[in-house]
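A.B. asks: Build the 3D model from these lines:
(2 chains)
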Amino acid sequence: DTEVTQTPKHLVMGMTNKKSLKCEQHMGHRAMYWYKQKAKKPPELMFVYSYEKLSINESVPSRFSPECPNSSLLNLHLHALQPEDSALYLCASRPTGGRGANVLTFGAGSRLTVL
Amino acid sequence: GDSVTQMEGPVTLSEEAFLTINCTYTATGYPSLFWYVQYPGEGLQLLLKATKADDKGSNKGFEATYRKETTSFHLEKGSVQVSDSAVYFCATNSGYSTLTFGKGTMLLVSP
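C.D. replies: Below you'll find the predicted structure:
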């Protein structure tokens, strides 16, 4: 298995809703990432988990809450979002050793629309 | 911090034309360099990479050479196809943790 799987592919939510994005990989990668990508822009780093511990938070608003319950799974919990949070949310992972240790593998993304 | 500069797009070519997308970088230490491709409605896929000076990355007919003296990693393909239409991101990491992306270059190939 060489994939990063993200669900759902599309999500529409109101500003008062609570929802979650899910990311899963079975490549044994111990570093996992959340990126946000607006249209016609490069991805922007949000969070990095290393060995299931949060190692980087790029000053992301608290309405985004990441969680890494185990080495294969990464969640992004969403609450009280704003319309400007509408974007493509990308998950990525990488191994923490070996020749491929600096290569990120990305999922297909979850496209979020906040009404 | 690290930075990556890519040529502005869109780049519009006819099928079988030669492609060059310029990329230059600034980074500390000994960065690795990457080209990622994003097809419409999809996530990013690694296209090729190079980890040290003079390395050439290649994949699917695309090539890029790590030029430390000019801090460049230009993407080339001898004959583009309609299916190559996508957004191409140049990226670097001078540590293992994170990538610094360029702004992306959209390539449009017409039949």
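
A.B. asks: Just the pLDDT for the single nearest residue of chain B relative to chain A.
C.D. replies: Of all residues in chain B, B:Phe101 sits closest to chain A, at 3.8 Å by C-beta to the nearest C-beta. In short, each C-beta sits where N, CA and C put it, glycine included. We have a pLDDT of 94 for B:Phe101.

A.B. asks: can you check A:Lys40 too?
C.D. replies: Looking at A:Lys40, its pLDDT reads 89.

A.B. asks: do the same with A:Gln6
C.D. replies: 97.

A.B. asks: hmm, back to that, now the residue of chain B closest to chain A: closest residue in space, sequence neighbours ignored.
C.D. replies: Once flanking residues are discounted, B:Phe101 sits nearest to A:Pro42: 3.8 Å by C-beta to C-beta, 6 or more residues apart in numbering or on different chains.

A.B. asks: about what we covered before: who's the residue of chain B closest to chain A bridged to?
C.D. replies: B:Ala91 (DSSP bridges).

A.B. asks: show me the contacts for it.
C.D. replies: A:42-43, B:4, B:36, B:89-91 (C-beta atoms under 8 Å, 6 or more residues apart in numbering or on different chains).

A.B. asks: hmm, 6 Å instead?
C.D. replies: A:42, B:89, B:91 (C-beta atoms under 6 Å, 6 or more residues apart in numbering or on different chains).

A.B. asks: Touching, the first one and B:Leu99? I think so.
C.D. replies: No - the pair formed by A:Pro42 and B:Leu99 falls short of the contact definition of C-beta atoms under 6 Å, at 9.3 Å.

A.B. asks: How about the residues of chain A by chain B?
C.D. replies: By C-beta under 6 Å from any C-beta of the partner chain, the residues of chain A that approach chain B are A:42, A:45, A:90, A:101-102, A:106-109.

A.B. asks: Least confident secondary structure element in chain B?
C.D. replies: strand B:100-101 (a mean of 92; mean pLDDT, DSSP states H and E).

A.B. asks: Which other helices and strands does the helix or strand harbouring B:Thr5 contact?
C.D. replies: Secondary structure assignment for B:Thr5, by DSSP states H and E: strand B:3-6. Counting contacts by 3 or more C-beta pairs under 6 Å, 6 or more residues apart in numbering or on different chains; DSSP states H and E, strand B:3-6 packs against strand B:23-26, strand B:86-93.
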